[in-house]
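# for reference, the sequence and a predicted model appear below.
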Amino acid sequence: MPRLNLHLLSDSTGETLEAIAKAALAQFEGADVVRHFWPMVRSQQHLDRIMGDIADNPGLVFYTMASTELRGKLVERCRTLGLPVVSVLDSAVEALESALGQHPRARPGRQHIMDEAYFARVDAIQFTIAHDDGVMWEDWEEADIVLAGVSRSSKTPTSIYLANRGFKVANIPIVVESPPPTALFGLKHPLVVGLTTAPDRLIQVRRNRLLSLNQAPETAYVDQDRVAREVQYARRMFADNDWPVIDVTRRSIEETAAAVINLYNEFRAPKDGRAD
């Protein structure tokens, strides 16, 4: 059975879109599908970046977007690439419009689903908060995702965002003087992802952090050579363990989280028609 790339684009968190895709895919037993998740698509620039990835991984495109302009651009680009594109809510909205005699409000993120997934998200948030910054590493095997990276590489905010999407996430700082517990290198269930960034950008973020805490802005924490060694040490660890790596230098938290989710979906996708 050929593998299908399914791209999910939303102008909001994408929960509704993912729920619809999941329900539809449940009707196709054994289907080999890799989901690519793109939330918070609200600008032409963001859409342009995503289209490059879609072109590299052609497949089926599902979307929920309120902006007429963005919808039109997406459909136009997909047709140019010869890819099928589906607005998954249009039929339902059109039927309601006819039945109610009322025009829908085209406002991003108005839809919201409240079901048992809510309780799964609460559980995920609790797990993620309890396993922040390398705490309770003994339970990492229960995580869905483990994020590793040097200090201030957006591990915690990305973890919390993912937890709100229902993923149990742990994160661990990579410190040259204090290697992570050996348990990190033997994990079987969770996907381990390395987060990296440009040293200059990292120094800027760290210096702002020190200033916000009313601490001296010039310390070893922001020393150019030391930071470069930290980043190099972490990247070498990621490579040695064959972990996927995401460069967060120019990514928002939402974009980083979307990239992690895409990696997770690929990680959990059936291989050669067999479940993991």
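Noted; the coordinates are in hand. The shown structure was predicted, so the numbers you read here are calculated from the model rather than taken from an experiment. Residues are numbered from 1 along each chain as shown.
# for the closest residue to V245 other than its chain neighbours, helix, strand, or coil?
Using CB to CB, 6 or more residues apart in numbering and skipping residues adjacent in sequence, the residue nearest V245 is G194, 4.4 Å away. Bear in mind the C-beta positions are built from the backbone N, C-alpha and C, glycine included. Following DSSP: H, G, I helix; E, B strand; the rest coil, G194 is assigned to strand.
# and R226, what element?
Element membership for R226, per DSSP states H and E: helix 224-240.
# before we move on, the earlier item: the residue nearest to V245 and H46: what is the separation?
According to CB to CB, to the nearest Å, G194 stands 24 Å off from H46.
# more crowded one of those two?
Ranked by neighbour count (other CB atoms under 10 Å), G194 and H46 place G194 first, with 22 against 18.
# is that one bridged to anything, and to what?
Legend: beta-bridge partners of G194 under DSSP bridges are A148, V245.
# and it, how far from S153?
Counting by CB to CB, the gap from G194 to S153 is 9 Å.
# equivalent analysis for F267, please.
From F267 to S153 the distance is 20 Å (CB to CB).
# what about these two, which has more around it?
Neighbour comparison, F267 and S153: the larger count goes to S153, with 28 against 16 (by other CB under 10 Å).
# how about the more buried one, what does it touch?
Contact partners of S153, counting by CB atoms under 8 Å, 6 or more residues apart in numbering, are 195-197, 202, 248.
# so which residues of the protein form strands?
Counting by DSSP state E, the chain has strands at residues 4-10, 33-38, 60-64, 85-87, 145-149, 169-173, 191-196, 245-247.
# elements contacting the third one?
Read that as strand 60-64. Using 3 or more CB pairs under 8 Å, 6 or more residues apart in numbering; DSSP states H and E, the elements in contact with strand 60-64 are strand 4-10, helix 15-25, helix 68-81, strand 85-87.
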